[in-house]
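Q: A structural model of the following input is requested.
(3 chains)
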Amino acid sequence: MKFSAWQQSYANKRSSSFRASSGPLDSSSDGSIKSASAIFWLILHGLCCLISLVLGFRFSRLVFFLLFSSPAANIYTAPFRSASELAQTLTLYSTPASTNIELPAANRTAGITASPNSRVVVGRHGIRIRPWPHPNPVEVMQAHRIIERVQKEQRLQFGVKHPRTVIVVTPTYVRTFQALHLTGVMHSLMNVPYDLVWIVVEAGGATNETASIIAKSGLRTFHVGFRQRMPNLWAERHRLEARMRLHALRIVREKKLDGIVMFADDSNMHSMELFDEIQNVKWVGALSVGILAHSSQTGEESSASVIPKEDEENRAVPVQGPACNSSNQLVGWHTFNSLPYVGKSATYIGDREIVLPRKLEWAGFVLNSQLLWKDAEDRPEWVKDLDTLDHADEDVETPLSLLKDVSLVEPLGSCGRQIMLWWLRVEARADSKFPPGWIIDPPLEITVPSKRTPWPDAPPELPSNEKAVTGVQEHTLKHSSKTQTSRSKRSS
Amino acid sequence: MRTWVWVFSVLVVYGFVLRISADQKARTERISGSAGDVLEDNPVGRLKVYIYELPSKYNKKLLQKDPRCLNHMFAAEIYMHRFLLSSPVRTLNPEEADWFYTPIYTTCDLTPTGLPLPFKSPRMMRSAVQLISSSRPYWNRTEGADHFFVVPHDFGACFHYQEEKAIERGILPLLQRATLVQTFGQRNHVCLNEGSITIPPYAPPQKMQAHLIPQETPRSIFVYFRGLFYDVNNDPEGGYYARGARAAVWENFKDNPLFDISTDHPTTYYEDMQRAIFCLCPLGWAPWSPRLVEAVVFGCIPVIIADDIVLPFADAIPWEEIGVFVAEEDVPNLDTILTSIPPEVILRKQRLLANPSMKRAMLFPQPAQAGDAFHQILNGLARKLPHDKTIYMKKHGPKILNWTAGPVGDLKPW
Amino acid sequence: MMGSMERSKKKVQLWKKAIFHFSLCFVMGFFTGFAPTGKASVFSNHFASSNISEPSSSKPIETLPQAANVNRSLIAQAPAAIPARPKQPENTEIEEEKEPKLTPRRLLIVVTPTSAKDQLRGVLLRKMANTLRLVAPPLLWIVVEPQTDSNQVSEILRKTGIMYRHLVFNKNFTDTEAEMDHQRNVALKHIEHHRLSGILHFAGLSNVYDLGFFDQLREIEVFGAWPMALLSANQKRVKIEGPVCDSSQVIGWHLRKMNNESDTRPPIHISSFGFNSSILWDPERWGRPSAVQKYSQNSMRFVKQVVLEDETKLKGIPPEDCSKIILWRLQLPRGTASN
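A: Predicted coordinates for the structure are as follows:
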């Protein structure tokens, strides 16, 4: 079959080359219309060249086929087989201890081997255990590289197709909880698989303290100082933060940064789906924010301090965000119900009462940055110019102040039903101090010598037996095991 | 000079053509690399199947007695019957039939714990064949060569779950000329007739559907397996079960963080398969495994550890390109083998696995869909047509089948 | 005659040229035939398998941040503008280009117990996942939770892309601390059963990490400890607890409430140390009779014994006198956050 095919193609080649050769001959003998024939000749020549190209191609495939297809019916598995064989030659199997028992069994069953050309032997088999017990660390790394590649491919295939840059605005200031909060937000941002610009506005001027935290992100950052210091009253803090955010927006406008602006406070927590979801926004989008409000009386009596229990299925978390009707159209806003907390909410930072959110937190909004540009061509006319807000003395509470018509806001996240970001304001008292840069200097005082390292499950050395049952349990982490430990110690 | 112009222009064209073909390759691989047109074949009009009327004790009564038969791995025999009853390939005229089907549920005889054990199957089968051969002329015409039987048990028509016993028994003598539709498939094995159709085991389609998660869920498990490593109850000595391959998987890779292997069956089993890159499909008592179906449906590259296995619809599905085959003796090197596969090859396998026609071919959905496993069985039967003339018995010629062959126990009436 | 001679000469030349061109094209075609095609044929298979060493050809769609010049212009008003740097190597996109050098790293095993009673569990799990996602592999996250009908935890974990094991257990607890203990033991049992080898760390959901912490963790041979800061809402004082070191040698501990008569000695915090998990399943390697371990119900006790016996095995982190805080812990009111 193959041979005849080859013959045929060879015959083809012969005939075509014959035809090809007849071309120039004819044209040259017919000399009267030279130029036309020259063109014809050229075309014919080119055509014949193409034909011989194709023929060469076919020929090589044929040669290839004849050469390589016969030895292995299934070339595909060959590399894997050979790879494994290679590995095998490097390996000496340690036969299981039960080899001597196995042999008679194998003999017994050898009679009913399935077939001579099958590798499969019926009966008892040894369990092959390799002598080296641990995974090869290089292979582990290779596997992780494969996983990364697969996940990247998944993102390419199923992820957002033409992602826009994410412009993140974060107001912050140096305080005890800054490292804790800012690091959390930073880690979320570092996971974002899109281009990202992070504008960090710092109250009281840009400091090294903040710079050293955000430098670790490796992200493209603008670290901008803001002259005013962060006030101690919650209400004023909210107001200043709004102005800091506006300041960041002005940078977006000046630099003509193109992308989606989101507001990530350092007290926000994000689900990674959020960053995909905001890619859907056209001009202004609104998201639901889970409010993890709490009063923080650390300790004993504050059993029910966290208001409504968090349970996503039941939507028990108070939520701020867009409210939709059944046909998924924006009809209004869910706001945090602060009525039960009248007179009980925190007024200054460090107040032991509950910290309430604003009516609508900025974090729940995303904007197309072109809204902020000075001369964007297709900017909708229902948007105010950023500069008009400068002169307004009013308190800019939400990005909604930018809009003339609030009904055009796009509700995101299944029309607000899906919560992808949370708000948890926890701060230490305003006069709280922490070691600069979190470097302990001078060294801490040694309260326990190293020889007596107190272990989580160490049995109490003081004979306070009654206490060991009740009071101590609160503070020792391993009390359940402790009883066991002491018991086993006694028995041993 | 002109020559060089020529050479140059040819080179440019050549480079351009190559470029285009390369581009096309990247874009169209998913389509051109599909499981092939064979899976898309429509069997309707290419064959006619006649279904014997059997007393309900051979099928429906059994099911009434134990509805659990609808859910185990061998349930294909029941669903195939239901499918054929309403299929357009069915003919009521046996004279025009290409194939004859005997609806018999040989594995629907469960132990109290739900295990299908085939001890009564040979007698049941024998009784059914006796019935059809005495009531109609068609069996005797060919001694069953144009009949097919669905025998999805561990070792097919050998009717025993232990391989040694199954081989000793061999295929039930009465079925030796018939075409067997079975899950069991191993090359050069006495329990696999030449010309048998290898099918996937039954896996509940609705249940699998219900556990589908979005395709963008990042795959974060490198190797996944849930199931037994040792069958302590049936193989206390060890080494018979899975020919020692599963035990070797555990002993060599339990300490490997990349190998998410365990005997626990978590509630997220199906979801976990969808976020794994490789799913181990080692043999158990028989070489085939329901994991193969699950792996294909969930887009997890099956790692087939079963020497000389014959995979379902192997004539239509390019298993070599989809799965990874690891010899049983190579199990200790599984980590090396899997980590040395180039990522591009892995991605290609995943793209092929994403092909919906392949997933369809692995399932027995209710109601049936075009291209599903039922249709693939019919396609397989259609490809065997027309029947060879030699299958027809000569009038008054000698009989081939030996009705008294086989173990004495099988000869007892059912 | 001359004309015909010339003509025939010309003809021969033409012939030569034509044949030369044709053969050139033929050779071209011939070699083209050796190039791979997209068809699922024997050929393509062969090539698919032969380009093993070929690096991935697809280009990453994501570009490196190139903000250097933009930033410079901003420096005037913002002195601390930070130039963009390439992301950390664990970020997939960039890594692939500069392969194939693979430096093996030690496995990190991060154990996180979670209680359904913890109202912030869902949020904090996501937050922890965002951090762990940035840690260079290999890392195995073991998340334990009591058996429930809710699939909240598995759904959150599934989307993270982190290599994790989700363990469930079936036992009821009234006391949260006891439950957390049990959860940790469930994780330790898993590690013991699988003989996983790596550096084990208990990461409570309220912990916040500097990413450098995980690099330090990998440096541990046997046992390591570090100071951590406990931040409580609306308090003035910041609690710092942990080892006091000379270089990386632990010379003592700074722990709270030492002089309080009514309290027993407080232990070091469970998140304040990490150890080599092989202690759990390979005691002989650490000079312990294996029999002891069998009878001990509590793997932690065993770890403790190993360390107490030889405190030189204890490594203080970070090596500069353990003086930098790289782990913070948010102390929320009881019942709000878990350990």
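
Q: just the mean pLDDT for stretch C:216-232, thanks.
A: Taken as a whole, stretch C:216-232 has a mean pLDDT of 91.

Q: correction: the previous question concerned stretch B:58-78.
A: Stretch B:58-78 comes out at a mean pLDDT of 89.

Q: give the buried residues for it.
A: Of the residues in stretch B:58-78, B:58-60, B:62-63, B:69, B:72-78 count as buried by neighbour count, 16 or more other CB atoms under 10 Å in any protein chain shown. The C-beta positions use only the backbone N, C-alpha and C, and glycine is treated the same way.

Q: now, which of those lie close to chain C?
A: For chain C, no contacts are drawn from those by CB under 8 Å from any CB of the partner chain.

Q: which of the residues you listed sits closest to A:Glu148?
A: B:Met73 (35.8 Å; CB to CB).

Q: the closest one: what secondary structure?
A: When classified by DSSP: H, G, I helix; E, B strand; the rest coil, B:Met73 comes out as coil.

Q: spit out the contact partners of it.
A: B:Pro152, B:Thr183, B:Pro201, B:Tyr202, B:Ala203, B:Pro290 (CB atoms under 8 Å, 6 or more residues apart in numbering or on different chains).

Q: with C:Ser23 instead?
A: A:Ser52.

Q: can you tell me the element it falls in?
A: Using DSSP states H and E, C:Ser23 sits in helix C:2-32.

Q: before we move on, the earlier item: export the contacts of B:Met73 to CSV and tack on neighbour count, distance to chain A and secondary structure?
A: Below are the contacts of B:Met73 laid out as CSV (neighbours: other CB atoms under 10 Å in any protein chain shown; distance: CB to the nearest CB, whole Å; DSSP: H, G, I helix; E, B strand; the rest coil):
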residue, neighbour count, distance to chain A, secondary structure
B:Pro152, 26, 20, coil
B:Thr183, 26, 17, coil
B:Pro201, 24, 20, coil
B:Tyr202, 24, 25, coil
B:Ala203, 21, 24, coil
B:Pro290, 18, 21, helix
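
Q: could I get these as a markdown table with pLDDT and distance to B:Asp315?
A: Converted to a markdown table, those look like this (pLDDT from 0 to 100; distance: CB to CB, whole Å):
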| residue | pLDDT | distance to B:Asp315 |
| --- | --- | --- |
| B:Pro152 | 90 | 19 |
| B:Thr183 | 91 | 16 |
| B:Pro201 | 93 | 18 |
| B:Tyr202 | 93 | 21 |
| B:Ala203 | 92 | 21 |
| B:Pro290 | 91 | 21 |
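
Q: quickly list what residue 225 is bridged to.
A: Reading this off chain A. Using DSSP bridges, the bridge partners assigned to A:Gly225 are A:Glu202.

Q: hm, I was asking about chain C
A: C:Phe273, C:Gly316.

Q: residues in contact with it?
A: C:Gly242, C:Pro243, C:Val250, C:Ile268, C:Ser272, C:Phe273, C:Gly274, C:Leu314, C:Lys315, C:Gly316, C:Ile317, C:Cys322.

Q: roughly how far apart are B:Phe325 and chain C?
A: Computed with CB to the nearest CB, to the nearest Å, the distance linking B:Phe325 and chain C is 13 Å.

Q: pretty sure that residue contacts B:Ile301?
A: No - taking CB atoms under 8 Å as the definition, B:Phe325 is not a contact partner of B:Ile301, at 11.2 Å.

Q: neighbour count for the two, which is higher?
A: Neighbours of B:Phe325 and B:Ile301, each counted by other CB atoms under 10 Å in any protein chain shown, are more numerous for B:Ile301; the result is 26 against 22.

Q: quick check: the residue of the stretch 151-300 of chain C nearest chain B.
A: Closest approach between the stretch 151-300 of chain C and chain B, counting by CB to the nearest CB: C:Gly161, at 3.4 Å.

Q: over to that residue: give its phi and psi.
A: Here is the backbone geometry of C:Gly161 (degrees, to the nearest 10): phi 80, psi 0.

Q: state the number of residues packed around the residue nearest to it when sequence neighbours are not counted.
A: With sequence-adjacent residues excluded and distances taken as CB to CB, 6 or more residues apart in numbering or on different chains, C:Gly161 is closest to B:Pro218, at 3.4 Å. Neighbour count of B:Pro218, defined by other CB under 10 Å: 18.

Q: how far away is B:Pro218 from C:Ile19?
A: Computed as CB to CB, to the nearest Å, the B:Pro218 to C:Ile19 distance reads 59 Å.

Q: how about the strands in chain B?
A: With DSSP state E as the criterion, chain B has strands at B:49-51, B:90-91, B:99-101, B:147-150, B:179-182, B:197-198, B:221-226, B:259-262, B:276-282, B:301-305, B:324-325.

Q: make a markdown table out of the ones you listed and add distance to B:Pro236 and mean pLDDT.
A: Supplementary listing: these in a markdown table, determined by distance: least, CB to CB, whole Å; pLDDT from 0 to 100:
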| stretch | distance to B:Pro236 | mean pLDDT |
| --- | --- | --- |
| strand B:49-51 | 44 | 94 |
| strand B:90-91 | 48 | 93 |
| strand B:99-101 | 41 | 94 |
| strand B:147-150 | 33 | 94 |
| strand B:179-182 | 29 | 93 |
| strand B:197-198 | 31 | 94 |
| strand B:221-226 | 22 | 97 |
| strand B:259-262 | 21 | 96 |
| strand B:276-282 | 20 | 97 |
| strand B:301-305 | 23 | 97 |
| strand B:324-325 | 30 | 96 |
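
Q: just name the most buried of those.
A: Greatest average neighbour count among these goes to strand B:276-282 (a mean of 27), per mean count of other CB atoms under 10 Å in any protein chain shown.

Q: output the strands of chain B in JSON lines; the columns should cover distance to C:Asn172.
A: Output for the strands of chain B, formatted as JSON lines (distance: least, CB to CB, whole Å):
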{"stretch": "strand B:49-51", "distance to C:Asn172": "55"}
{"stretch": "strand B:90-91", "distance to C:Asn172": "57"}
{"stretch": "strand B:99-101", "distance to C:Asn172": "55"}
{"stretch": "strand B:147-150", "distance to C:Asn172": "48"}
{"stretch": "strand B:179-182", "distance to C:Asn172": "48"}
{"stretch": "strand B:197-198", "distance to C:Asn172": "49"}
{"stretch": "strand B:221-226", "distance to C:Asn172": "26"}
{"stretch": "strand B:259-262", "distance to C:Asn172": "24"}
{"stretch": "strand B:276-282", "distance to C:Asn172": "32"}
{"stretch": "strand B:301-305", "distance to C:Asn172": "39"}
{"stretch": "strand B:324-325", "distance to C:Asn172": "43"}
